[in-house]
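>>> Below: sequence and its predicted model.
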Amino acid sequence: MMVDKVEPSEVAGVFVVYFKGLEGSPLVEMKLELPRQLLMFKKGDKVTLELAESPISWGEKSDLHLRARIFGLKPIEGVSILYASAGGLQLRLSFKESSQRFQSLSKVYIAFKIMKETG
């Protein structure tokens, strides 16, 4: 995924991070609310994302871990949109319809890793 933009939300101290899926990714786009203290993403960052139905191990492989509760799933024009809440902050993931495997009211665990530029 790539960070498309980062902007302040209507809530003081909370930012919205917009991600776009890279070619070949089952994830089309994602919108994530984060408090200022956890905001580590900037426009143009390439990010790997791991989604799981069970907890993901902490370690050097990830920069941020979230646990969220899915509160809605909605298919729209060939895309399946997953709505979730992580500690009251909203998360929206848009998948190519056939790749979405989660169910409403279940937990989803997410690990983010910012890819470092080499050179």
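The structure has been received and is ready for your questions.
>>> tell me the contacts of residue 8?
Contact analysis of residue 8 by Cβ atoms under 8 Å, 6 or more residues apart in numbering lists 14, 15, 16. C-beta here means a position set from N, CA and C on the backbone, and glycine is covered the same way.
>>> Okay, buried residues for stretch 58-71 please.
Buried residues in stretch 58-71, counting neighbours by 16 or more other Cβ atoms under 10 Å, are found at 62, 64, 65, 66, 68, 70.
>>> which residues sit against it?
Stretch 58-71 is contacted from outside by 38, 40, 50, 55-56, 82-86, 91, 102-114, using Cβ under 8 Å, 6+ apart.
>>> rewinding a little: out of the buried residues of stretch 58-71, which are inside strands?
Of those, the ones assigned to strands by DSSP state E are 64, 65, 66, 68, 70.
>>> all strands in the protein, in order from the N-terminus.
Per DSSP E, the chain carries strands over the ranges 2-8, 14-20, 27-35, 47-52, 64-76, 79-86, 89-96, 107-114.
>>> Let me know the angle separating the first one from strand 14-20.
Okay, so that is strand 2-8. Going by axes from the mean of the first three to the mean of the last three Cα atoms, to 10 degrees, strand 2-8 is angled at 160 degrees with respect to strand 14-20.
>>> Ok, the last one next?
Computed by the same axes, to 10 degrees, the angle separating strand 107-114 from strand 14-20 equals 80 degrees.
>>> For strand 107-114, buried residues please.
Buried residues in strand 107-114, defined by neighbour count with 16+ other Cβ under 10 Å: 108, 110, 111, 112, 114.
>>> And it, what does it pack against?
Judged by 3 or more Cβ pairs under 8 Å, 6 or more residues apart in numbering; DSSP states H and E, the packing partners of strand 107-114 are strand 47-52, strand 64-76, strand 79-86.
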